[in-house]
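> build me a model:
(chains A and B)
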Amino acid sequence: MTDSPTRPALEAALAQLTEQALSRGEVAGHVALTLFAAAMAVLLGLLLTTEPGIPMRTNIAFWAMLAIAISWVAYGLRVLSRRRPLLANREVVAGRMALLFSAAFTVSTMAVGWVNAGIFITPATWLGATMVAVAVGNLARAMWRRSRLQSLRERLERELAAR
Amino acid sequence: MDTRTDPAHADTPPHLGDDALDNHTRADALLAVRCQLGERAAFDDLIRRWAQPLRRHVVRVTGNSDAADELVQDIWLKVLQGIGRLQEPAKFRAWLFGIAHRRVMDRLRERYAAPTHDTELDSIPGETIDLDLALDMRELERGLQRLPPVEREVLSLFYLDELSLAEIAQVLALPTGTVKSRLFRARNLLRHQLTGESHD
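This is a model prediction of the structure:
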């Protein structure tokens, strides 16, 4: 069944589809876009809920920007789950990126809080800490999944070699 | 014509002992796992291993070799999108043909909804496997083209793609008993076709 003559045109077309779907740059770009849009959405949401004196027109503009940021997050997640699948190795990379982003966000909120009000812990810091916790959970899940697949791979290779 | 044993008593592909079947399944599972890990080379290996069997299956079931390449690319996109979520790599083959089944049936539905065109009866790619078997296969493939798509598909999966009854049940999302009866009906139809042809 597998020793049939090859048809280079079809196989080349399938290889090209694979290249497009798994392109490293495309996947990394979509991960970065999703994380950036998520950080924007969190920041805008925080401003809208914690700053009481925002003028009406600014308020409307912030809500519009929040809607745009959420749309980008939804788009990024959809692309990563459907068109540019995040396979196990890259899921770990994406998990590390998310942890880095959320840690940077948390540290920034502490710096801003210290400069503005002389306090490290603000509501934004709590939000950042929650994002870090979620990122750690996702990274742990991705690493567990990769490790499980690697074990399965080694077992299958051993079994095939033994026969 | 009997290139494999009676489907009522056979649940494994012909020409392969249990060991060989296990190794085949293991090799597929290993490739699937490597793909799930994100190894680019594993996808190339998967293409080399499955592009042609998949294309032949599509040609047999649709009876149309012109559209086969496009359909195989469509199936491959679904494979790329879904392989990360494949829960049991050992069932890769049934999963792959399940995707093919759904895409082919969608395509046939489109075709039958639109004005029908003549299909290419002689467009099956030649086989270079064992001579006696190849003759049988050609006879089987010739008869297949005169059967309705549903019967064509089940015979193709069992006799030519060498899937077990359990795998076919997974592919078609049907109980094994239904697959058996469909296979019997299809085989009787095929015999009828071939007998009628030989009397002409």
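
> residue nearest the centroid of chain A?
residue A:31 (4.6 Å; Cα atoms, centre = their mean).

> ugh, wrong one, chain B
residue B:157 (3.8 Å).

> quick check: that residue vs residue A:32, distance?
The spacing between residue B:157 and residue A:32, counted by Cβ to Cβ, to the nearest Å, is 44 Å. Where C-beta positions appear, they are placed from N, C-alpha and C, glycine not excepted.

> residues contacting the residue nearest to the centre of chain B?
Residue B:157 is in contact with B:57, B:97, B:163, B:167-168, B:171, counting by Cβ atoms under 8 Å, 6 or more residues apart in numbering or on different chains.

> filter these down to just the buried residues.
Applying 16 or more other Cβ atoms under 10 Å in any protein chain shown to these, the neighbour count classes B:57, B:97, B:163, B:167-168, B:171 as buried.

> residue 155: how many residues sit nearby?
Because you didn't say which chain, this covers chain A. When neighbours are counted by other Cβ atoms under 10 Å in any protein chain shown, residue A:155 registers 14.

> let me rephrase: I mean chain B.
25.

> for it, which non-adjacent residue is spatially closest?
Spatially, and ignoring its direct neighbours in sequence, residue B:155 is nearest to residue B:186 (4.8 Å; Cβ to Cβ, 6 or more residues apart in numbering or on different chains).

> which secondary structure state does that neighbour sit in?
Taking DSSP: H, G, I helix; E, B strand; the rest coil as the rule, one finds residue B:186 in the helix state.

> check what pLDDT residue B:22 gets.
As predicted, residue B:22 sits at a pLDDT of 77.

> quick one: contacts for residue A:75?
Counting by Cβ under 8 Å, 6+ apart, residue A:75 makes contact with nothing.

> buried sites along the least confident helix or strand in chain A by mean pLDDT?
When each helix and strand of chain A is scored by mean pLDDT, DSSP states H and E, helix A:24-50 comes last, with a mean of 84. Of the residues in helix A:24-50, those buried by neighbour count under the rule 16+ other Cβ under 10 Å are A:27, A:30-31, A:33-35, A:37-47.

> picking that back up, the residue nearest to residue B:155: neighbour count?
Burial measure for residue B:186: 23 neighbouring residues, criterion other Cβ under 10 Å.

> domain assignment for chain A?
Structural domains annotated on chain A: A:7-86, A:88-163, as defined by automatic domain parsing.

> now distance to residue B:104 too, for those domains, in TSV please.
Supplementary listing: these in TSV, determined by distance: least, Cβ to Cβ, whole Å:
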stretch	distance to residue B:104
domain A:7-86	16
domain A:88-163	30
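
> out of these, nearest to residue B:44?
When those are compared for distance to residue B:44 using Cβ to Cβ, the nearest one is domain A:7-86, at 6.2 Å.

> and the residue of chain B found nearest chain A, how many neighbours does it have?
With distances taken as Cβ to the nearest Cβ, chain B approaches chain A most closely at residue B:38, which sits 3.3 Å away. The local packing of residue B:38 (other Cβ under 10 Å) involves 23 other residues.

> so for it, what's the nearest residue that isn't a sequence neighbour?
Of all residues beyond its chain neighbours, the one nearest residue B:38 is residue A:87 (3.3 Å), with distances taken as Cβ to Cβ, 6+ apart.

> residues touching the one you found, list them.
With contact taken as Cβ under 8 Å, 6+ apart, residue A:87 is in contact with A:22, B:35-38, B:83-84.

> the same query, at a cut-off of 7 Å, please.
Taking Cβ atoms under 7 Å, 6 or more residues apart in numbering or on different chains as the criterion, residue A:87 is in contact with B:36-38, B:84.
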